[in-house]
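Asks: Everything below, folded, please.
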Amino acid sequence: MTSLLLNIAAILVLLVGPVISPAEYFGSSYTEAVEFCHSNRNEFLVLQKQYNLDPKIASAVVLPELVRYSRFFDFMETTTLELAYVKGGSSVSDFSIGRFQMKPSFVEMLETELRGNPQLMLEFNELVDYPPSIDDKEVRRIRLSRLKDQQWQFKYLACFISLAQIRFTTIIDQQPNKKLLILSSAYNLGLSASYEDLLRISKTKTLPFGNVYTGRFSYFEVANHYYLNHSPKIF
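Replies: Predicted structure coming up:
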């Protein structure tokens with residue numbers, strides 16, 4: 001029996017590779033992502049002070065995107081994409097921007113959700129505050145400018161987490177240990193996802209390339225590894 005188990009283990013290693021942590025697998029990209037959280041510790045602590053958000057959770061939600069940014073940010077020229085978005089909107093051009101890899105459609109979704117939530121509008125009114133009497137193109141131009149500003153990305157992150165916590169408040173209250181799974185998976189999949197969708201995507205190995213056939217980790221696995229092993233040393 002022992003010999004059979006060893007043979008099975010050897011076959012699994014050949015098929016999926018040896019057991020390895022996200023930190024080991026991503027190497028310098030992971031290290032740079034953790035260093036970003038450390039160097040921006042005060043910004044995450046501001047989220048705790050202003051919005052009562054756990055900085056360990058908040059940083060874990062975006063950690064996988066920080067890793068991907070470190071690996072891929074040099075490979076995309078965005079000028080043409082930005083012009084296309086300003087002219088035609090996110091249905092024409094939608095692309096990831098900045099350390100947290102937020103898309104224009106992501107911010108548009110936050111703005112829509114905010115306008116339907118009077119409670120959070122009091123906290124995040126500036127996110128939907130645009131100069132009066134400007135056309136849609138100028139709104140999109142301002143939205144892009146905000147997206148490229150790191151401080152605005154922190155504000156958008158705080159808004160997203162606040163909205164997600166409200167949407168899934170019953171489950172989070174009943175199962176506090178599922179909080180990071182819900183928030184990180186929703187950041188990966190979208191606020192409109194059901195809890196069942198979030199459970200499914202939390203097990204779907206799409207990182208680092210976004211392809212389930214070549215993925216090594218799920219988004220949640222990377223977020224959780226950081227949350228358990230590195231965030232307590234920062235916050």
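Asks: Could you check the pLDDT of the most centrally placed residue in the chain?
Replies: Note on the chain: the residue nearest the mean C-alpha position is Val62, at 3.9 Å, using Cα atoms, centre = their mean. Predicted confidence (pLDDT) for Val62: 98.
Asks: swap in Ile8?
Replies: 44.
Asks: and Lys148, what are its phi and psi?
Replies: Geometry field for Lys148 lists phi and psi as phi -80, psi 0, criterion degrees, to the nearest 10.
Asks: on that earlier part again, roughly how far does the closest residue to the residue nearest to the centre of the chain other than its chain neighbours sit from Val107?
Replies: In this structure, Val62 finds its nearest non-sequential neighbour in Phe100, 4.8 Å apart by Cβ to Cβ, 6 or more residues apart in numbering. From N, CA and C alone the C-beta is placed, and that goes for glycine too. Distance, Phe100 to Val107, using Cβ to Cβ, to the nearest Å: 11 Å.
Asks: What residues does the closest residue to Ile182 other than its chain neighbours make contact with?
Replies: Counting by Cβ to Cβ, 6+ apart, Ile182 lies nearest to Phe168, which is 5.0 Å off, once chain neighbours are set aside. Phe168 makes contacts with 182, 186, 195, as judged by Cβ atoms under 8 Å, 6 or more residues apart in numbering.
Asks: got the phi/psi numbers for the last one?
Replies: Meaning Tyr195. For Tyr195, the backbone dihedrals (degrees, to the nearest 10) come out as phi -60, psi -40.
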